[in-house]
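Novice: below: sequence and its predicted model.
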Amino acid sequence: MENNRMLEMRGIDKSFPGVRALQKVDFSLNKGEIHALMGENGAGKSTLIKVLTGVYSKDSGVIRLDGKEVQIHSPQDAQNLGISTVYQEITLCPNLTVAENMYIGRGKAKITNWRKMNADADALLSKLDIPAKATQQLASCSIAVQQMVAIARAVDMECKVLILDEPTSSLDEQEVEKLFGLMRDLKATGVGIIFVTHFLDQVYEVCDKITVLRDGQLVGEYEIADLPRVKLVAKMLGKEMDDLSDIKGEMEPYQGKDADEKIYEASQLFSNAGIKPFDFFIRKGEVNGFTGLLGSGRSECVRAIFGADRVLGGTVKRNGKEVKIRTPRAAMKNGIAYLPEDRKNDGIIGDLSVRENIILALQVLKGFFKPFSKAQANAFAEEYIKKLSIKTASADTPIKSLSGGNQQKVILARWLLMHPEYLILDEPTRGIDVGTKVDIQKLVLELASEGMSVTFISSETDEMLRTCSRMVVMRDRKVVGELSGEDLTQSKIMSTIAGGE
């Protein structure tokens with residue numbers, strides 16, 4: 001295949017202050033090939049693509065196109081060399097027509113001859129079998145058609161290498177099929193396609209090869225037939241199948257007589273975040289979790305439970321009685337607390353003090369027109385600063401000046417102060433030191449032994465095996481299994497994510 005080689009990246013290095021994002025990474029692409037670039041969050045996929053498209057300059061390494069070494073210092077350089085990218089967020093102008101979007105910024109001649117521009121656009125749309133007209137406003141097209149128009153624009157710029165970065169994340173199944181048809185047509189004309197996605201099923205449906213990155217390094221390049229799903233999952237996570245964890249939660253289980261009672265049940269719940277309808281329950285004093293690769297829908301499920309995304313359907317019961325939870329406030333009134341995945345954007349309010357951040361949720365429930373007295377607020381803050389060993393100069397310190405781990409403990413304190421019946425923790429230990437991680441894991445087990453129900457999500461499977469007694473497994477935004485007891489092992493989780501191979 002060497003003589004068919006279109007793109008070669010060899011020994012690519014890229015560092016940012018304090019982070020080595022890529023270390024001696026190799027990647028190659030042949031003509032007429034669809035090549036998946038896979039890896040978990042932080043693996044280096046985006047950085048590699050940004051180096052290839054001139055958004056970042058590489059620190060070292062070589063890029064060759066059609067056997068010749070090339071220098072790519074800007075997105076314009078990449079475009080001139082025939083390297084085009086279609087991003088997950090569509091970067092077109094919805095108020096312009098389809099044709100204007102296809103030719104904007106491409107020199108004046110085409111744009112001033114409107115008739116020719118529209119005729120050329122219609123010819124290309126027809127050739128690529130895209131159901132749109134040159135003169136219709138882009139905003140009137142579905143997201144899938146807008147995505148295809150972006151691809152048509154890229155292809156018309158004499159594109160040799162087409163990079164599709166999560167192009168299917170907002171498409172339904174029929175739209176995905178149309179997009180795959182277009183990708184296969186382009187492949188047949190000799191275009192090389194780099195496909196970045198979190199959806200395993202789609203990789204095996206449309207790709208010829210897979211390159212896996214992990215922690216900024218190349219794990220390997222594989223023919224699709226040589227890498228079954230379960231091995232792909234293992235390579236992305238860095239856990240081989242025989243590398244099983246013996247760690248089990250040594251939790252003293254909750255002993256109350258209501259230990260078997262389901263305190264929360266959802267049936268066919270789904271939201272506007274694209275997850276398939278799912279069933280879920282949690283018992284009193286239980287720690288369970290959602291597991292799956294990044295993008296599998298773990299966070300979207302708990303956001304639906306908490307009413308943080310717009311719930312479109314399904315029924316919910318609390319302690320056997322049907323309740324309506326469509327907003328976070330309704331969830332809080334029903335005894336549910338939620339620590340979100342994105343601490344910086346959804347959790348802390350940086351300019352407020354530790355004390356103000358701790359009392360926030362309870363104040364929302366009470367109502368802002370009935371503020372706590374200074375003495376009450378101080379008592380609450382001091383109790384939890386002590387209880388969770390939060391390292392802060394005082395309760396008056398702005399939360400933004402605390403370390404990540406201590407910020408996380410403050411948000412945890414905020415929800416524990418509500419004394420919830422059911423606590424949802426989404427990535428509570430991400431980006432914090434090992435000592436604080438262990439503190440939070442111990443706290444989760446302690447709360448459960450006292451009767452609180454906890455849903456725990458972590459991208460570190462070992463951590464979930466240490467804390468959860470039952471796990472819901474997700475793939476491609478739908479629930480694909482549930483594991484507990486002896487089935488709760490690293491290998492069983494991986495094979496369930498991979499699709500039972």
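Specialist: Received the coordinates, thanks.

Novice: could you pull out the strands for the stretch 351-500 of the chain?
Specialist: 422-426, 453-457, 470-475, 478-484 (DSSP state E, counting those that start in this stretch).

Novice: any chance of those in JSON lines, plus mean neighbour count?
Specialist: The way it works is simple: take the backbone N, C-alpha and C, and place the C-beta from them, glycine included. JSON lines is the format used below for the strands of the stretch 351-500 of the chain (neighbours: other Cβ atoms under 10 Å):
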{"stretch": "strand 422-426", "mean neighbour count": "25"}
{"stretch": "strand 453-457", "mean neighbour count": "26"}
{"stretch": "strand 470-475", "mean neighbour count": "22"}
{"stretch": "strand 478-484", "mean neighbour count": "17"}
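
Novice: out of those, nearest to residue 300?
Specialist: strand 470-475 (9.1 Å; Cβ to Cβ).

Novice: nearest to residue 308, of the strands of the stretch 351-500 of the chain?
Specialist: Here strand 422-426 is closest among the strands of the stretch 351-500 of the chain (Cβ to Cβ), at 9.7 Å.

Novice: which one, of the strands of the stretch 351-500 of the chain, ends up nearest to residue 97?
Specialist: strand 478-484 (37.0 Å).

Novice: now for the closest one, which elements pack on it?
Specialist: strand 278-283, strand 470-475, helix 490-498 (3 or more Cβ pairs under 8 Å, 6 or more residues apart in numbering; DSSP states H and E).

Novice: reformat the strands of the stretch 351-500 of the chain as JSON lines; add mean pLDDT and distance to residue 73.
Specialist: Compiled in JSON lines, the strands of the stretch 351-500 of the chain are given as follows (pLDDT from 0 to 100; distance: least, Cβ to Cβ, whole Å):
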{"stretch": "strand 422-426", "mean pLDDT": "93", "distance to residue 73": "40"}
{"stretch": "strand 453-457", "mean pLDDT": "94", "distance to residue 73": "41"}
{"stretch": "strand 470-475", "mean pLDDT": "94", "distance to residue 73": "40"}
{"stretch": "strand 478-484", "mean pLDDT": "93", "distance to residue 73": "43"}
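
Novice: residue 309 contacts residue 269, doesn't it?
Specialist: No: contact between residue 309 and residue 269 fails when scored by Cβ atoms under 8 Å: they sit 10.7 Å apart.

Novice: what's the spacing between the residue nearest the centre of the chain and residue 413?
Specialist: Per Cα atoms, centre = their mean, the C-alpha nearest to the average position across the chain is that of residue 295, at 3.9 Å. Remark: distance between residue 295 and residue 413 (Cβ to Cβ, to the nearest Å) = 30 Å.

Novice: what's the answer for residue 144, then?
Specialist: 44 Å.

Novice: for residue 262, which non-adjacent residue is closest in space?
Specialist: Leaving aside its sequence neighbours, residue 262 sits nearest to residue 281 (Cβ to Cβ, 6 or more residues apart in numbering; 4.7 Å).

Novice: the one you found: neighbour count?
Specialist: Residue 281 sits with 16 neighbouring residues when counted by other Cβ atoms under 10 Å.

Novice: correct me, but it touches residue 261?
Specialist: No: using Cβ under 8 Å, residue 281 makes no contact with residue 261, being 10.2 Å away.

Novice: ok so, going back, out of the strands of the stretch 351-500 of the chain, which comes closest to residue 11?
Specialist: strand 470-475 (34.1 Å).

Novice: for that closest one, packing partners?
Specialist: strand 287-291, helix 298-306, strand 478-484, helix 490-498.

Novice: the closest residue to residue 95 other than its chain neighbours: neighbour count?
Specialist: Nearest residue to residue 95, sequence neighbours excluded (Cβ to Cβ, 6+ apart): residue 139, at 6.6 Å. Using other Cβ under 10 Å, the number of residues around residue 139 comes to 12.

Novice: next one: residue 188
Specialist: Using other Cβ under 10 Å, residue 188 is surrounded by 9 other residues.

Novice: next: residue 100.
Specialist: By other Cβ under 10 Å, 20 other residues sit near residue 100.

Novice: and the next element down the chain from the worst-scoring helix or strand of the chain on mean pLDDT?
Specialist: Lowest on mean pLDDT, DSSP states H and E among the helices and strands of the chain sits helix 108-112, with a mean of 54. Moving toward the C-terminus from helix 108-112, the next helix or strand (DSSP states H and E) is helix 114-127.

Novice: avg pLDDT for that next one?
Specialist: The average of the pLDDT scores along helix 114-127 is 88.
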